[in-house]
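*Asks:* Got a sequence here, can you model it:
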Amino acid sequence: MPKDGATCIAMIQKRIEAGDAEAMLFLGSQYYFGGCGLKKDVQKAIEFWTKASELRSIGAHYELGHSYYNGDGVEKDEAIAVGHWQHAAVKGHVESRHQLGVVKCNERNYHWQ
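*Replies:* As a prediction, the model looks like this:
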């Protein structure tokens, strides 16, 4: 386990250089929340989540869905948000499936086919 934020970032950076999508997801989350001694930077979080989603990280699709749905760090776009959640839900991401249900509920679309 890393002893401090700098060690944590160095370890994650090695995984990112190896093309590890989950490391990109993790670092994006650290930027989003300001963890591991990093200054909060939503734009950098979006960049890392986007790279991770391109490498098929379903967790990154979920996070991007939230960002687009709420307009957090990106222009609000419900269609893009739903697309990210659908992609993750098809791969078994439970929280993404839940968010799709929330969207339908907010649209007052209670009739599922």
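
*Asks:* other SSEs contacting whatever helix or strand Cys105 lives in?
*Replies:* Using DSSP states H and E, Cys105 sits within helix 94-106. Counting contacts by 3 or more Cβ pairs under 8 Å, 6 or more residues apart in numbering; DSSP states H and E, helix 94-106 packs against helix 58-70, helix 78-90. Every C-beta, even on glycine, is put in place using the N, C-alpha and C of the backbone.

*Asks:* Which of the ones you listed sits closest to Lys104?
*Replies:* helix 78-90 (9.7 Å; Cβ to Cβ).

*Asks:* hang on, the earlier thing: same list, the helices and strands packed on helix 94-106, but as a markdown table with mean pLDDT, distance to Thr50 and mean neighbour count please.
*Replies:* Below are the helices and strands packed on helix 94-106 laid out as a markdown table (pLDDT from 0 to 100; distance: least, Cβ to Cβ, whole Å; neighbours: other Cβ atoms under 10 Å):
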| stretch | mean pLDDT | distance to Thr50 | mean neighbour count |
| --- | --- | --- | --- |
| helix 58-70 | 98 | 7 | 23 |
| helix 78-90 | 97 | 10 | 19 |
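
*Asks:* With distance to Ala10 as extra columns, can I get these in TSV?
*Replies:* Below are the helices and strands packed on helix 94-106 laid out as TSV (distance: least, Cβ to Cβ, whole Å):
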stretch	distance to Ala10
helix 58-70	22
helix 78-90	29
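
*Asks:* Of all the ones you listed, which one is nearest Ala6?
*Replies:* helix 58-70 (24.1 Å).

*Asks:* for that closest one, the distance to its chain's centre please.
*Replies:* 5 Å (Cα atoms, centre = their mean, to the nearest Å).

*Asks:* Run through the neighbouring helices and strands of that helix.
*Replies:* Helix 58-70 packs on helix 21-33, helix 42-54, helix 78-90, helix 94-106, going by 3+ Cβ pairs under 8 Å, 6+ apart.

*Asks:* which one of the ones you listed has the most crowded surroundings?
*Replies:* helix 21-33 (a mean of 22; mean count of other Cβ atoms under 10 Å).

*Asks:* How about the contacts made by the residue most central in space within the chain?
*Replies:* The residue lying closest to the centre of the chain (Cα atoms, centre = their mean) is Glu63, at 2.4 Å. The contact partners of Glu63, by Cβ atoms under 8 Å, 6 or more residues apart in numbering, come to 25, 28-29, 32, 45, 49.
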